[in-house]
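In: dropping a prediction and its sequence here:
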Amino acid sequence: MKFVAKKIQTLSTVHRLAFYHSTQQTFNYLCAFILNYMIQSMTGFGKASLQLPTKKITVEVKSLNSKGLDLNVRMPSLYREMELGLRTQISTKLERGKIDFGIYIESTSEQTSTKVNVPVVKNYIAQLREVYPDADETELMKMAVRMPDTLKTEREEIDENDWDQIQVIIEEALQNILTFRKDEGESLEKEFNLRIGNIRQYMNDALALDPERVQAIKDRLQTAISELKVNVDENRFEQELIYYLEKLDITEEKVRLTNHLDYFLETIKGTEANGRKLGFITQEMGREINTMGSKSNHAQMQKLVVMMKDELEKIKEQVLNVL
């Protein structure tokens, strides 16, 4: 897709317009196909510009993370009537995030649409002369031009051809931010794979300590009973010990946490926006890790649980950026 985008940038404005009109559906389909099969970040930036005969048009779009779609559009009043359709276009492409979209116009012509309102200025001068009869014409002129309505701006009408060309760079800017989001998403995916792998390793390390933990619990209980110096029914003691150890068993938590880890990795390779789902999965992961910590009753295992929690918090922070 980067190759296609670079090739488009080398075309002239007219050729770019023709390209987009002739292949827009195919291009959008390919972009959607590529982007939808990988995780995307909500953070991104896209920019495109266009030189018209009398002005330079620049389109910029910036996106940060947000729970929903928070769209802010800045554009010249000339194109304000196109804002509703533009908002729909942006929300369809970007879906979610705090989005700032702007269209900026820089005049490159010597002509200006703002002119001095001569009759109004003359009328102000006449009135000021009555108030300041001794003032010279220069002073009266300076005072008059500061008065309201001394400048008038002729309202421009939208040139359909210009707007068609602006639509080209709007699409280009949106595709640029989608590419940016995809690139950021690739970095996030690598981060998630690393953190999930760390949690899995710490969990396995904790399970490797389980026989030592169980034996320590047995020894502690037997020592406590021997210190009481009473006769104990060995069968009843074994039954109570088994019941106690079952309450501290973390096998179920290990199975559920493993499933959550696998489901997280499966979800980040999904074909739809999945940031919210990932957030829910991390909540379930947190419950299992907390339960393992409360059951562990073993110093070294609890250290590993703390390390798992630390990795999970890093995942949660990054999940907030996922589309």
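Out: Thanks, I have it. Everything numeric in this text was worked out from a predicted model, so none of it was measured.
In: quick one: low-confidence ranges for the stretch 151-300 of the chain?
Out: For the stretch 151-300 of the chain, the stretches flagged by pLDDT under 70 are 152-158, 219, 221-222, 224-247, 273.
In: any chance you could map the strands in it?
Out: When assigned using DSSP state E, counting those that start in this stretch, the strands of the stretch 151-300 of the chain occupy the ranges 151-153.
In: how about the helices in it?
Out: For the stretch 151-300 of the chain, helices defined by DSSP state H, counting those that start in this stretch occupy the ranges 160-208, 210-228, 234-247, 251-267, 275-296, 299-319.
In: try the stretch 1-150 of the chain
Out: Assigned helices in the stretch 1-150 of the chain, in chain order: 2-9, 13-35, 83-94, 118-131, 137-144 (criterion: DSSP H, counting those that start in this stretch).
In: any chance of TSV for the helices of the stretch 151-300 of the chain, columns mean neighbour count and distance to G68?
Out: All C-beta atoms are positioned from the backbone trio N, CA, C, and that covers glycine. Listed next are the helices of the stretch 151-300 of the chain as TSV, based on neighbours: other CB atoms under 10 Å; distance: least, CB to CB, whole Å:
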stretch	mean neighbour count	distance to G68
helix 160-208	18	17
helix 210-228	12	44
helix 234-247	11	43
helix 251-267	16	20
helix 275-296	18	10
helix 299-319	17	16
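In: switch those helices over to a markdown table; also include distance to L71.
Out: A markdown table is the format used below for the helices of the stretch 151-300 of the chain (distance: least, CB to CB, whole Å):
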| stretch | distance to L71 |
| --- | --- |
| helix 160-208 | 13 |
| helix 210-228 | 52 |
| helix 234-247 | 52 |
| helix 251-267 | 26 |
| helix 275-296 | 17 |
| helix 299-319 | 22 |
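In: which one, of those, ends up nearest to E139?
Out: Among those, the nearest to E139 by CB to CB is helix 160-208 (43.2 Å).
In: pull the distance from that closest one to the chain's centre.
Out: 9 Å (CA atoms, centre = their mean, to the nearest Å).
In: now the angle from that helix to helix 299-319?
Out: Here helix 160-208 runs at 180 degrees with respect to helix 299-319, directions being taken by axes from the mean of the first three to the mean of the last three CA atoms, to 10 degrees.
In: pLDDT score for the spatially most central residue of the chain?
Out: Residue closest to the average C-alpha location in the chain (CA atoms, centre = their mean): M42, at 1.7 Å. On the pLDDT scale, M42 is placed at 91.
In: that one contacts L323, doesn't it?
Out: Yes. Taking contacts as CB atoms under 8 Å, M42 lies within contact range of L323: 5.2 Å.
In: common neighbours of those two, please.
Out: 96-97, 181, 275 (CB atoms under 8 Å, 6 or more residues apart in numbering).
In: how does this structure divide up, domain by domain?
Out: 2-110+159-182, 114-153, 184-319 (automatic domain parsing).
In: next up, the contacts around the residue nearest to the centre of the chain.
Out: Contacts of M42 (CB under 8 Å, 6+ apart): 63-66, 96-97, 181, 275, 321-323.
In: now do M301
Out: Contact analysis of M301 by CB under 8 Å, 6+ apart lists 206, 209-210, 213, 292.
In: what is the mean pLDDT for stretch 50-59?
Out: 87.
In: now that stretch: buried residues?
Out: Judged by neighbour count (16 or more other CB atoms under 10 Å), stretch 50-59 contains these buried residues: 50, 52, 57, 59.
In: so can I have JSON lines of those residues showing distance to E288?
Out: Shown next, in JSON lines, are the buried residues of stretch 50-59 (distance: CB to CB, whole Å):
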{"residue": "L50", "distance to E288": "54"}
{"residue": "L52", "distance to E288": "59"}
{"residue": "I57", "distance to E288": "53"}
{"residue": "V59", "distance to E288": "47"}
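In: need the max-distance pair from the residues you listed.
Out: Using CB to CB, the two most remote members of the buried residues of stretch 50-59 are L52 and V59, lying 13.0 Å apart.
In: quick one on the thing from earlier: which among the contacts of M42 count as buried?
Out: Using 16+ other CB under 10 Å as the burial test, those include 63, 65, 96-97, 181, 275, 321-323 as buried.
In: name the nearest of these relative to F264.
Out: V322 (11.2 Å).
In: residue contacts, the closest one?
Out: 39-42, 185, 188, 268, 274-275, 278.
In: so can I have JSON lines of the contacts of M301 showing distance to F192?
Out: As requested, the contacts of M301 are exported to JSON lines (distance: CB to CB, whole Å):
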{"residue": "A206", "distance to F192": "21"}
{"residue": "L209", "distance to F192": "26"}
{"residue": "D210", "distance to F192": "27"}
{"residue": "R213", "distance to F192": "30"}
{"residue": "M292", "distance to F192": "21"}
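In: ok, I39 to R256 distance?
Out: Distance of I39 to R256, given as CB to CB, to the nearest Å: 24 Å.
In: ugh, wrong one, I meant K47
Out: From K47 over to R256 the distance is 46 Å, taken as CB to CB.
In: how about V131?
Out: Distance from V131 to R256, by CB to CB: 87 Å.
In: fine by me, thanks again.
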